[in-house]
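> Here you go, sequence then predicted model.
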Amino acid sequence: MSDYISRLMLESDLDEVFKLVQGASDFAWTPQNIQQSYLSDNDESFVFTLADEAELLGYAVIHTVLDESQLLNIAIRKDQQGRGLGTLFLQQLIKHSRQHNQSSLALEVRASNAPAISLYEKYGFQKNGTRKAYYKAVDGREDAWLYSLSLS
């Protein structure tokens, strides 16, 4: 699985990223969220793909302020989920943050997202807070769990 790469998103990727993100989750970012993040000076938008193919398999955004980063979004295309691609993508995002001298990488995750929580904890992310009723859910609201990983 070493032929997978992450790279900075290009403007020409926007339409495919919109489709990927909308299909990956019931509560996906809107095209406006994706475009605003792409244009932000403090955000880096990444895509994940096979090295020799243009087809996008994943999307992520890292927001950086000084030496601290936050993983704002990570998504794997729905038909590619469950194959370990999220693990590979996360590894590359952590490596990128370390190479850019970030001291920590934080994130929030739906309390019900057991596969993501398991992945984050596997890589040493520590739960350090809760945002009560933060996310919209099918039947009301859902908590966000806050995690961080020390990169130093």
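Alright, I've got the coordinates. Numbers count the residues shown, from 1 in each chain.

> Determine how far the biggest helix by length in the chain lies from the middle of the whole chain.
In the chain, assigned by DSSP state H, the helix with the most residues is helix 85-99. The chain centre lies 10 Å from the centre of helix 85-99; the measure is CA atoms, centre = their mean, to the nearest Å.

> now the helix or strand that comes right after that helix and helix 85-99, what's the angle there?
Proceeding N to C from helix 85-99, the next assigned helix or strand is strand 104-110, under DSSP states H and E. Strand 104-110 runs at 150 degrees relative to helix 85-99, counting by axes from the mean of the first three to the mean of the last three CA atoms, to 10 degrees.

> and strand 104-110, which strands flank it?
Paired strands of strand 104-110, with direction, are strand 68-76 (parallel), strand 140-150 (antiparallel) (DSSP bridges).

> Quickly compare these and say which is most buried.
Mean neighbours per residue, mean count of other CB atoms under 10 Å, is largest over the strands paired with strand 104-110 for strand 68-76, with a mean of 21. (Glycine included, C-beta is placed from N, CA and C.)

> Next one: the residue nearest to R141 when sequence neighbours are not counted relative to D143, how far apart?
Excluding the flanking residues, the one nearest R141 by CB to CB, 6 or more residues apart in numbering is A133, at 3.6 Å. Per CB to CB, to the nearest Å, A133 is found 7 Å from D143.
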